[in-house]
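>>> need coordinates for the following:
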Amino acid sequence: MPETVAAGETAADGDYAALEALQKAVPPAPPREMGAEEFSTWLDGQRQQGSAAALVFYAAYPAGARRWKWCWRS
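This is a model prediction of the structure:
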């Protein structure tokens, strides 16, 4: 999660943006070029990282409504 926050943005906003960036991440190469094993490994890493970040977000912002979106996905 980012440690700096833009002016007018809360820490939750910055952390939420980081979660969205994880969701939108693209593989380093097209899946066919990577091969099934390498792509699956990359995809699994993205899912694990996203799930861990979602749980941190959920714990850090217990009153934030946005936390449910990520708990549902992870």
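>>> which helix of the protein spans the most residues?
helix 36-60 (DSSP state H).
>>> return the helix or strand in the chain with minimum mean pLDDT.
None of the helices or strands of the chain scores lower by mean pLDDT, DSSP states H and E than helix 67-73, at a mean of 71.
>>> circling back to that earlier point, counting contacts, what elements does the longest helix of the chain pack onto?
helix 11-24, helix 67-73 (3 or more Cβ pairs under 8 Å, 6 or more residues apart in numbering; DSSP states H and E). The way it works is simple: take the backbone N, C-alpha and C, and place the C-beta from them, glycine included.
>>> can you list those in TSV and add distance to E38 and mean neighbour count?
Shown next, in TSV, are those (distance: least, Cβ to Cβ, whole Å; neighbours: other Cβ atoms under 10 Å):
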stretch	distance to E38	mean neighbour count
helix 11-24	19	15
helix 67-73	24	14
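>>> switch those helices over to a markdown table; also include distance to W42.
Below are the helices and strands packed on helix 36-60 laid out as a markdown table (distance: least, Cβ to Cβ, whole Å):
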| stretch | distance to W42 |
| --- | --- |
| helix 11-24 | 13 |
| helix 67-73 | 18 |
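>>> now for the ones you listed, which one comes closest to A54?
helix 67-73 (3.7 Å; Cβ to Cβ).
>>> list the buried ones in the longest helix of the chain?
F39, W42, G50, A53, A54, F57, Y58 (16 or more other Cβ atoms under 10 Å).
>>> what's the closest of these to Q23?
Nearest member of the buried residues of helix 36-60 to Q23, counting by Cβ to Cβ, is G50, at 6.6 Å.
>>> how near is the closest one to T41?
As defined by Cβ to Cβ, to the nearest Å, G50 lies at a distance of 15 Å from T41.
>>> now do T10
35 Å.
>>> do K24 as well
19 Å.
>>> repeat for A21
Counting by Cβ to Cβ, the gap between A21 and T41 amounts to 20 Å.
>>> state the pLDDT value of M1.
For M1, the pLDDT comes out at 50.
>>> any stretches of the protein with poor pLDDT?
In the predicted model, the chain carries pLDDT under 70 at residues 1-8, 70-74.
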